[in-house]
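Trainee: The sequence isn't on hand, but the structure is:
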């Protein structure tokens, strides 16, 4: 499953959205939302989206860790308001999972982002392959209309 | 106008509320919302609440600066969810204004706070008395049902 | 032990200092260090200072939680540079401990702060009295030249 | 000038370092330094490093905006301590500049990062080519032993 070509600036490419209130303290000295705040928004989307993928009872000792985050800043955005973070799977590797994000404010895409998570065993602390059920669940729902669970 | 005795843990004592999404990154290593995050919530409430008090066309060169913030942590609160920040005037001094806050999550008051702002002239950088119209507006609406403006 | 009258703007009243680098992202839209950042500085000082008070082997199951933080903003401070946080005990109650802070940048005190921590038992989750050894240690070192421990 | 192959995990590949104190509030619920905090560290390095490139008297109305930040998380890192951020130019495009980062804590590289800044004119708000003097200065110092200025 490879979806690198997906346009993350297009809301229609997301089925899962997380809303985050922009805070006054998110601004930097130029009156823009600071670049660091976007990474917190991306995290808010990622944690909500990925939260349902691994049932701890079904997969004891399996977790994924964050290996990479990249944010593309497309437009300056401003306080106040709500940032809507669209989140979806972009790519499922042997041991990793790439998630794509579109950040929308006031109807416009202000940033896109990608993150990579790697599956690992909390006991051995070693990376492992994506559990078959998680893979099957993801591949049966290519549009990511819902979180796996 | 002195309202020091107002119970800030009681929602009924607020007419103005600001909602802020709790973020994953607001947590500390104990899995609680970190104490610093509360101060950002209080700021979110304060900026929205006080934003309407000083019409820059009517009062050119007059602003208020933050002199003090105090937060009382009453209950541990947790991600995810929404923090509702009730905000109201507590006291109007000669040159300063004390604002009171109740922070509510999942129906419970998890913290209260107070802040003091001092009026000053942006040109002279000196403190000034509360402009008469602002004072009149505030005193005519003792319950702070709405922001002055 | 009550030291409410201690002048927290005077460096000479502190023996324990924690240095924190000011970050670009600490600024707000006015180009000042944002008020929320000060609370993170105070926390940096508090965690370092209080970290040595409770030896977990000596006092298993005893911890203190943060009940209150108050910051007084005295001067605008600016990026870049280092914030030096002086920390000391102000008052030792029956079940609580009040800590005082002076925040210094470029040789000037830009803020003072106080925090209150309450002792509690991690098992019963109930507040408890300050352990006698901790009290003795604090009272034998009224100037707080060093952390207890 | 293209230096994509530079190993950002090797301290020897950096001549410019910025130190940032890790804060207690940088941690997340797992007791690690939160991924968002790394982006603030990268910003701390970037602002210090790039701060000297554009003399506002020499280049009035020219600025660069952040277009992209990517962070690779290599090792879990922990409070307390100091994060050392190595910063250098990786690539100089026609209108943009790619900066590389190595984040070191306790002698180990815990993360690498890249950022892209685009030159633009603050008056027209349009992207522009890298000013010839800035380009010459950068190309004459391929090891980036010092900031241009």
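Mentor: On my side now, so go ahead. What you see is a predicted model; the values in this text were computed from it and never measured.

Trainee: where does chain A have low pLDDT?
Mentor: Applying pLDDT under 70 to chain A flags residues A:1-4, A:141-149.

Trainee: show me where chain A has strands.
Mentor: A:16-21, A:62-73, A:82-92, A:96-105, A:108-121 (DSSP state E).

Trainee: what would those look like in CSV with mean neighbour count?
Mentor: Yep, even glycine has a C-beta here, placed from its N, CA and C like the rest. Formatted as CSV, the strands of chain A follow (neighbours: other C-beta atoms under 10 Å in any protein chain shown):
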stretch, mean neighbour count
strand A:16-21, 18
strand A:62-73, 20
strand A:82-92, 21
strand A:96-105, 22
strand A:108-121, 20
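
Trainee: Figure out which of those strands is closest to residue D:34.
Mentor: strand A:62-73 (9.8 Å; C-beta to C-beta).

Trainee: what about the closest one and chain C, touching?
Mentor: No: judged by C-beta under 8 Å from any C-beta of the partner chain, strand A:62-73 makes no contact with chain C; its nearest approach is 14.2 Å.

Trainee: ok, that strand: who's next to it in the sheet?
Mentor: strand A:108-121 (antiparallel), strand D:62-73 (antiparallel) (DSSP bridges).

Trainee: which residue is nearest the centroid of chain A?
Mentor: Nearest to the centroid of the C-alpha atoms of chain A, with distances taken as C-alpha atoms, centre = their mean, sits residue A:46, at 3.6 Å.

Trainee: For chain C, see how far away it is.
Mentor: As judged by C-beta to the nearest C-beta, to the nearest Å, residue A:46 and chain C stand 20 Å apart.

Trainee: same question, residue A:37
Mentor: 8 Å.

Trainee: Show the contacting residues for residue A:66.
Mentor: Going by C-beta atoms under 8 Å, 6 or more residues apart in numbering or on different chains, residue A:66 touches A:46, A:115-117, D:35, D:73.

Trainee: Let me know the closest of those residues to residue C:103.
Mentor: Using C-beta to C-beta, those come closest to residue C:103 at residue D:35, 27.8 Å.

Trainee: residue contacts, that closest one?
Mentor: With C-beta under 8 Å, 6+ apart, residue D:35 has these contacts: A:39, A:43, A:66, A:69, D:28, D:71, D:73.

Trainee: which residues touch residue A:75?
Mentor: A:108-111.

Trainee: let's see 10 Å
Mentor: Residues in contact with residue A:75, defined by C-beta atoms under 10 Å, 6 or more residues apart in numbering or on different chains, are A:32, A:103, A:105-106, A:108-111.

Trainee: of the contacts of residue D:35, closest to residue B:84?
Mentor: residue A:43 (22.3 Å).

Trainee: Residue A:103 is in contact with the closest one, correct?
Mentor: No: contact criterion C-beta atoms under 10 Å: residue A:43 and residue A:103 do not qualify, at 11.8 Å.

Trainee: sorry, back to before: nearest to residue D:137, of the contacts of residue A:66?
Mentor: Once C-beta to C-beta is applied, the member of these that ends up nearest residue D:137 is residue D:73, at 32.7 Å.

Trainee: Is residue A:80 in contact with residue B:45, as I believe?
Mentor: No: between residue A:80 and residue B:45 there is no contact under C-beta under 10 Å: 11.7 Å.

Trainee: Give me the more crowded residue out of these two.
Mentor: Between residue A:80 and residue B:45, counted using other C-beta atoms under 10 Å in any protein chain shown, the more crowded position is residue B:45 (28 against 15).

Trainee: Identify the residue spatially nearest to the more buried one, adjacent ones excluded.
Mentor: Computed as C-beta to C-beta, 6 or more residues apart in numbering or on different chains, the closest residue to residue B:45 that is not its neighbour in sequence is residue B:85, at 3.4 Å.

Trainee: Check whether that neighbour really touches residue B:37, as I assumed.
Mentor: No: Residue B:85 is beyond contact range of residue B:37, at 11.9 Å (criterion: C-beta under 10 Å).

Trainee: Between those two, which contacts overlap?
Mentor: Both residue B:85 and residue B:37 are contacted by residue B:20, under the criterion C-beta under 10 Å, 6+ apart.

Trainee: what's near enough to touch residue A:127?
Mentor: Applying C-beta under 10 Å, 6+ apart, the residues near residue A:127 are A:64-65, A:67, A:94-96, A:118-121.

Trainee: Switch the residues you listed over to a markdown table; also include distance to residue A:9.
Mentor: Converted to a markdown table, those look like this (distance: C-beta to C-beta, whole Å):
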| residue | distance to residue A:9 |
| --- | --- |
| A:64 | 26 |
| A:65 | 28 |
| A:67 | 24 |
| A:94 | 29 |
| A:95 | 29 |
| A:96 | 24 |
| A:118 | 27 |
| A:119 | 29 |
| A:120 | 32 |
| A:121 | 37 |
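
Trainee: So what's the residue count around residue A:56?
Mentor: The number of residues packed near residue A:56 is 9, by other C-beta under 10 Å.

Trainee: just to revisit the earlier point, where do the contact lists of residue A:80 and residue B:45 overlap?
Mentor: With C-beta under 10 Å, 6+ apart, residue A:80 and residue B:45 have common neighbours A:24, B:18.

Trainee: returning to that earlier point: out of the contacts of residue D:35, which two are the most distant from each other?
Mentor: Top of the distance list for the contacts of residue D:35 (C-beta to C-beta): D:28 and D:71, 14.7 Å.

Trainee: For chain A, what lies in contact range of chain D?
Mentor: For chain A, the residues in contact with chain D (C-beta under 10 Å from any C-beta of the partner chain) are A:28, A:30, A:32, A:34-43, A:46, A:63, A:65-74, A:76, A:111-116, A:118, A:125.

Trainee: sorry, back to before: now, among the contacts of residue D:35, which is nearest to residue A:131?
Mentor: residue A:66 (18.1 Å).

Trainee: who's in contact with the nearest residue to residue A:112 once chain neighbours are set aside?
Mentor: Of all residues not flanking residue A:112 in the chain, residue A:8 sits nearest, at 3.9 Å (C-beta to C-beta, 6+ apart). When contacts are counted by C-beta under 10 Å, 6+ apart, residue A:8 touches A:14, A:72, A:74, A:86-88, A:90, A:100-103, A:109, A:111-114.

Trainee: Looking at those, spot the one nearest residue D:52.
Mentor: Nearest member of the contacts of residue A:8 to residue D:52, counting by C-beta to C-beta, is residue A:72, at 26.0 Å.

Trainee: List the contacts of the closest one.
Mentor: Residue A:72 touches A:8-9, A:38, A:101, A:103, A:109-114, D:67-70, D:116, counting by C-beta under 10 Å, 6+ apart.

Trainee: Is it bridged to anything, and to what?
Mentor: residue A:112, residue D:68.

Trainee: Make sure the residue nearest to the centre of chain A is actually in contact with residue A:85.
Mentor: Yes: look at residue A:46 against residue A:85 with C-beta under 10 Å: they come within range, at 8.5 Å.

Trainee: Now do the shared contacts for the two.
Mentor: Joint contacts of residue A:46 and residue A:85 (C-beta under 10 Å, 6+ apart) are A:18, A:101, A:113.

Trainee: Residue of chain A closest to chain D, please.
Mentor: residue A:70 (3.6 Å; C-beta to the nearest C-beta).

Trainee: Do I have it right that that residue meets residue D:69?
Mentor: Yes: contact criterion C-beta under 10 Å: residue A:70 and residue D:69 qualify, at 7.1 Å.

Trainee: tell me, what's touching the two both at once?
Mentor: With C-beta under 10 Å, 6+ apart, residue A:70 and residue D:69 have common neighbours A:39, A:113, D:113-114.
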